[in-house]
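Participant: no sequence on this one, just coordinates:
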């Protein structure tokens with residue numbers, strides 16, 4: 001497999017319709033296959049015999065998802081299995097297994113699930129003459145019915161293929177994770193991390209060339225130009241017009257690619273941001289000419305299905321004529337120029353030294369946040385959610401906690417979780433973050449179960465980008481399988497505004513997550529677009545009332561009536577209610593009168609690190625048992 005960090009130096013930057021993961025290579029060595037066969041007590045003679053495609057078993061699959069039309073089928077894999085040769089020598093068998101695994105990766109990329117591939121493997125029947133001879137000899141010696149060796153060998157061979165499928169799927173998932181850290185998954189373009197890598201390489205080459213030639217800097221070194229583009233896309237407006245933002249971005253990228261010279265390279269550095277590198281500038285004003293050419297391209301509409309849209313992107317630029325000494329300062333100054341263009345509503349700005357440095361400071365903080373994510377400095381804090389007891393035989397207890405993001409760094413104590421998350425997603429690290437969050441939550445759940453013998457449900461906050469990610473259900477399934485916890489231990493918190501971004505796609509992702517056994521909670525109910533009527537149709541089991549309504553219910557009649565209405569409606573629909581922001585006993589008593597199910601707030605506890613949460617849990621339980 002190619003070194004992913006070097007792909008940008010090997011590939012053509014203008015490749016049209018580049019597919020994510022196209023560099024993934026699968027190679028199953030014959031020695032590895034032999035070793036795996038040995039573990040299944042299979043010999044070469046067992047698996048080169050007569051193969052056939054069992055159409056009767058395949059006919060039974062038409063009533064089972066996804067073969068009944070309720071999902072993506074492994075179509076490429078079917079083509080390989082249905083045309084599997086009747087007899088194979090060892091070399092041919094290796095080749096066909098390799099072909100089968102490659103076909104599965106194509107299906108997996110298209111959205112097929114591993115269990116559908118396992119079902120299809122049952123259609124590959126294996127009969128070996130050698131196996132029949134063993135059965136006949138054994139039967140003649142014992143005069144007793146013997147278990148069919150063909151069935152045993154076939155089951156072992158199918159199990160071997162299933163394990164291979166699982167292995168290559170895991171290998172591909174690991175590659176995807178590495179790919180996601182270096183490339184944008186929608187456009188296939190390299191991301192900001194590879195942009196910085198390329199900038200550093202280019203600047204170092206120029207420095208080395210200057211030192212070797214003993215000439216003053218910038219005398220003959222090729223000059224680098226950096227253009228940043230913000231497409232100024234209104235995602236809410238697009239959703240109202242049923243326009244897919246990813247499709248719009250792909251059209252915009254293609255329009256730019258048509259105007260670029262082969263020596264330039266393009267990067268996807270944010271959800272609606274691109275970077276363009278020109279590494280052979282001959283004079284400073286050349287940047288202005290290139291930007292003018294690109295601006296002209298967006299004076300006409302971009303063609304989409306059944307509609308056309310005009311974009312008005314902003315441009316910020318800089319060149320090494322400005323004497324930026326390193327990659328970070330070059331990129332930050334280009335961002336500063338882009339920021340100036342946006343806030344002054346100018347189509348483009350080229351960096352000059354008179355621009356304010358405040359935006360640079362903000363972007364240095366962005367970089368520190370991304371570094372903290374990549375270096376595993378972020379932590380999950382847990383805030384207890386207490387279940388109120390209304391039966392005289394039970395006590396208030398805690399079996400739920402919300403997983404909240406924190407950055408326990410003395411230099412950045414004032415940085416809010418919202419700022420952390422916005423920065424992570426804005427810089428294209430959303431997939432990396434949600435994988436980290438889910439994995440850490442599952443690990444803590446497992447630790448509570450195994451080490452502390454406590455089963456506590458964790459609620460995890462998902463954003464719009466997560467709900468639009470059709471890989472999310474598979475990620476959740478893999479995480480709970482890895483840490484061996486039930487799906488019921490995780491609750492996905494969503495807001496109504498996030499669900500409304502793309503209702504059809506989000507509903508599909510939510511449905512697939514629900515099939516795995518996960519529950520959903522509607523967070524911040526009462527803010528945004530929330531309505532009583534909509535609550536009836538939303539696929540949620542828990543309603544969390546926003547703290548802005550809860551905090552003053554002991555003194556505000558209006559807030560009290562709103563909360564009471566929500567509690568009654570939610571209960572009538574069979575949903576649990578969690579009141580957020582409970583800070584005093586008076587507020588708690590009002591909620592108890594309303595029969596609110598659960599309480600979250602500083603009255604019981606603030607968010608805390610895992611070890612402190614375990615201590616709090618023990619103390620809380622001991623205190624309740626004492627009464």
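Facilitator: Cool, the structure landed. Note that this is a predicted model, so its numbers are computed, not measured. Residues are numbered from 1 along each chain as shown.
Participant: in what helix or strand does residue 432 lie?
Facilitator: helix 430-450 (DSSP states H and E).
Participant: Buried residues, that helix. List them.
Facilitator: 430-438, 440-446, 448-449 (16 or more other CB atoms under 10 Å). In short, each C-beta sits where N, CA and C put it, glycine included.
Participant: Can you name the next helix or strand after it?
Facilitator: Sequence order places strand 457-461 as the next helix or strand after helix 430-450, per DSSP H and E.
Participant: Quick check: longest helix in this protein by residues?
Facilitator: Counting by DSSP state H, the longest helix found in the chain is helix 149-180.
Participant: show me what contacts residue 510?
Facilitator: By CB atoms under 8 Å, 6 or more residues apart in numbering, residue 510 lies in contact with 467, 494, 499, 520, 539.
Participant: try 6 Å this time
Facilitator: residue 539 (CB atoms under 6 Å, 6 or more residues apart in numbering).
Participant: Also residue 337?
Facilitator: By CB under 6 Å, 6+ apart, the residues touching residue 337 are 316, 317, 349, 351.
Participant: who does the nearest residue to residue 350 once chain neighbours are set aside bridge with?
Facilitator: Closest residue in space to residue 350, ignoring its immediate chain neighbours: residue 317 at 4.9 Å, by CB to CB, 6 or more residues apart in numbering. As for beta bridges, residue 317 partners with residue 227, residue 350 under DSSP bridges.
Participant: and residue 317, how many neighbours does it have?
Facilitator: 26 (other CB atoms under 10 Å).
Participant: Now stretch 378-394: average pLDDT?
Facilitator: Mean per-residue pLDDT for stretch 378-394: 90.
Participant: Report the buried residues of that stretch.
Facilitator: Neighbour count says stretch 378-394 has 378, 380, 381, 382, 383, 384, 385, 386, 387, 388 buried, by 16+ other CB under 10 Å.
Participant: quick one, phi psi at the third one?
Facilitator: Dihedral angles phi and psi of residue 381 (degrees, to the nearest 10) take the values phi -100, psi 150.
Participant: Same question for the fourth one.
Facilitator: Reported as degrees, to the nearest 10, the phi and psi values for residue 382 are phi -120, psi 130.
Participant: What count of nearby residues applies to residue 189?
Facilitator: Neighbours around residue 189, by other CB under 10 Å: 24.
Participant: can you tell me which residues contact it?
Facilitator: Neighbouring residues of residue 189 by CB under 6 Å, 6+ apart: 266, 267, 268.
Participant: The helix or strand that contains the second one pairs with which strands, and in what direction?
Facilitator: Using DSSP H and E, the secondary-structure element containing residue 267 is strand 264-270. For strand 264-270, the paired strands and their directions (DSSP bridges) read strand 273-281 (antiparallel).
Participant: Which residues does the strand it pairs with contact?
Facilitator: 195, 222-230, 263-267, 269, 319.
Participant: So what's the residue count around the nearest residue to residue 442 once chain neighbours are set aside?
Facilitator: Take residue 442 and drop its neighbours on the chain: the residue closest to it by CB to CB, 6+ apart is residue 483, 4.1 Å away. The tally of other residues near residue 483 (other CB under 10 Å) stands at 19.
Participant: what residues are up against residue 483?
Facilitator: 442, 443, 446.
Participant: hmm, 7 Å instead?
Facilitator: 442, 443, 445, 446 (CB atoms under 7 Å, 6 or more residues apart in numbering).
Participant: Tell me where the stretch 401-550 of the chain has helices.
Facilitator: Ranges of helices in the stretch 401-550 of the chain, per DSSP state H, counting those that start in this stretch, are 417-426, 430-450, 464-467, 472-483, 496-499, 503-515, 532-537, 547-550.
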